[in-house]
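J.: Could you look at this predicted model? Sequence included:
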Amino acid sequence: MSHRDTHDVSAAAAKAGFSTATGYRIEGDPRLPSQKQAVRERRRPDPLIDVWDSEIVPMLTAAPGLRAIAVLEELQRRHPEIGDNIRRTLERRIRSWRACSGPEKDVIFRQTYEPGRQGLSDFTDVNDLGITIAGVVLPHRLYHFRLAFSGFEHAHVVLGGESFVALAEGLQNALWALGGAPREHRSDSLSAAFRNLDAEAHEDQTRRYHELMGHYGMEATRNNTGVAHENGSIESPHGHLKSALEDALLLRGTRDFVDLDAWRAFVDEVVGRRNARNRKRIALERPLLLALPVRRTIDYEEHVVTVTSSGGFTFRRVFYTMPSRLIGHRLRARIYDDRLECFLGATLVAAVRRGRPASHSKGGHVVDYRHVIHALRKKPMALLNLVYRDQLFPRAAYARAFEALQTQLGDKQACRITVSLLAMAHERGCEAELAHAIEEGLKEGRLPDLAALRARFHPDVGALPVVEVEPVDLGLYDELAAVAASTRVAA
């Protein structure tokens, strides 16, 4: 057609590579072949023609979220002659109806992020990773902090729930690792931070969360309840972080760690490598952050507890043992996510790991055998029916030894020997070595021999240093006295 502007039909057709006849046919009807095709008629009857307007559309209008399979099942209940072969037709028809006549959908508004403006916090469950500590499964989650602009991340292992203590500790660890604070802190409706009152309520923030935000000069905001994509800058990185941890664990070859600190160090290493990839953007954002205060604020709860005659105290359905000399004293306990620190006045007298109730109906015990072993030696039979006997044994070897002794020697001898083993482990500082020796003996079918074990773990006298102190000549003191007297006379 462009050649027709300057040539006749024959010449334009020749230049375009067409025959003259084709040129005259195009001249008479310039439409494309695709524009000449007739609309394809339906090849078989519409299987939904009798129920679409009368039944399906009213169902979709009344319940817009109804799935196509649910509509099909309802139709088959009403009309048994309808088969499963119309499912794809029904799904396509419903999809088209929703696009043309269905309800409006939420729109996600992509945002631009200003450096130093927004940091986000959230908790995510990581039990799917299957982490074990010394062979014991560790139920836990991660507190996850992220800067919206640069992507700086920090993750903190949380043993309990989404508490204020976990939020305060994780957030402050993140801010001090970053070296500054964003102007806005955003989260979802965490009960640790908000009372989650109605939309008209004022002062919805909890007092402690309000004070935490004020300490760092940050403005607290949250997304609407149940709308995850409003916190998308942290929700999506949850999955990326857990994928990175999964890959690192596969490369490591095992998911078992010696202790909790080793697992935390592993998480820090993975997060550090992710931050290293964003170091240029982090370096750009860091100067625009708010300066940190002189010191951190509290990231714990305080409660006053009384050490009872049972040698400990109960806090939130968990019994904690304390040194018996504290019986009758009131202690000020600082409650962290993973530990309790107990103060008598201003003196730290004990630090124990944080325990959790075994279930909704059963409490828990955090027992240090060193706290009670001196009293247990006076009453060894108390071990037999002790409510926290299973938690008293510091290692599994001691529990297995007690069971073997109980089976072969009876309850009384089992209690006496087991208490003596625990006392030996405490007094001679050989808990791990003694447990290993007991385990080896049990594998060979031998019960623990107290005399042999005492001899084996007795302090080696020959290894102690020999200190010789030479006596001082007392006449030297007379000489010093004479010198002092002559000095006073000269003065």
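T.: Okay, I see it. Numbering: from 1, shown residues only.

J.: List the residues that contact Val366.
T.: For Val366, the contacting residues are 318-321, 352-355, 391, by CB atoms under 8 Å, 6 or more residues apart in numbering. Just so you know, the C-beta spots here come from the backbone N, C-alpha and C atoms, and that holds for glycine as well.

J.: Give me the residues contacting the longest helix seen in the chain.
T.: Counting by DSSP state H, the longest helix found in the chain is helix 232-252. With contact meaning CB under 8 Å, 6+ apart, helix 232-252 is reached by 108, 113, 118, 120-122, 124, 126, 128-129, 142, 144, 146, 148, 151, 153, 155, 228-229, 255, 266-267, 269-271, 273-274.

J.: Give me the residue ranges of the stretch 51-200 of the chain where confidence is low.
T.: Across the stretch 51-200 of the chain, the ranges flagged by pLDDT under 70 are 189-200.

J.: ok so, going back, could you look up the next helix or strand downstream of the longest helix of the chain?
T.: Per DSSP states H and E, the first helix or strand lying C-terminal to helix 232-252 is strand 256-257.

J.: List of residues touching that following strand?
T.: With CB under 8 Å, 6+ apart, strand 256-257 has contacts from 131-135, 263, 266.

J.: do stretch 456-475 as well
T.: Outside stretch 456-475, the residues that touch it by CB under 8 Å, 6+ apart are 424, 428, 430, 433-434, 437.

J.: right, and the pair among the residues you listed with maximum separation?
T.: Spanning the widest gap among the contacts of stretch 456-475 are Arg428 and Ala437, at 12.1 Å by CB to CB.

J.: one step back: please point out which parts of the longest helix of the chain sit buried.
T.: Residues 232-235, 237-238, 241-242, 244-245, 249 are the ones in helix 232-252 that count as buried (16 or more other CB atoms under 10 Å).

J.: Ok, stretch 120-129 next?
T.: Going by neighbour count (16+ other CB under 10 Å), the buried part of stretch 120-129 is 120-124, 126, 129.

J.: can you redo the residues you listed as a markdown table with distance to Gln37 and secondary structure?
T.: Below are these laid out as a markdown table (distance: CB to CB, whole Å; DSSP: H, G, I helix; E, B strand; the rest coil):
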| residue | distance to Gln37 | secondary structure |
| --- | --- | --- |
| Leu120 | 54 | strand |
| Ser121 | 59 | strand |
| Asp122 | 55 | strand |
| Phe123 | 58 | strand |
| Thr124 | 54 | strand |
| Val126 | 57 | coil |
| Leu129 | 57 | helix |
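
J.: Nearest to Pro80 among those?
T.: Pro80 lies nearest to Thr124 out of the buried residues of stretch 120-129, by CB to CB, at 47.6 Å.

J.: What's opposite that closest one in the beta bridge?
T.: Residues in a beta bridge with Thr124, per DSSP bridges, are Leu142.

J.: hang on, it packs against His140?
T.: No: in this structure Thr124 lies outside contact range of His140 using CB atoms under 8 Å: 10.7 Å.

J.: Pull up the overlap in contacts between these two.
T.: Common neighbours of Thr124 and His140 are not found (criterion: CB under 8 Å, 6+ apart).

J.: circling back to that earlier point, name the nearest of the buried residues of helix 232-252 relative to His374.
T.: Among these, Leu249 lies closest to His374 (CB to CB), at 43.0 Å.

J.: what about the strands in the stretch 351-491 of the chain?
T.: Using DSSP state E, counting those that start in this stretch, the strands of the stretch 351-491 of the chain run over 364-366.

J.: And the helices in it, which stretches?
T.: For the stretch 351-491 of the chain, the helices defined by DSSP state H, counting those that start in this stretch cover 369-378, 389-392, 396-409, 411-427, 431-443, 450-456, 475-490.

J.: Between those, which one is closest to Lys362.
T.: Lys362 lies closest to helix 389-392 among the helices of the stretch 351-491 of the chain, at 12.5 Å (CB to CB).
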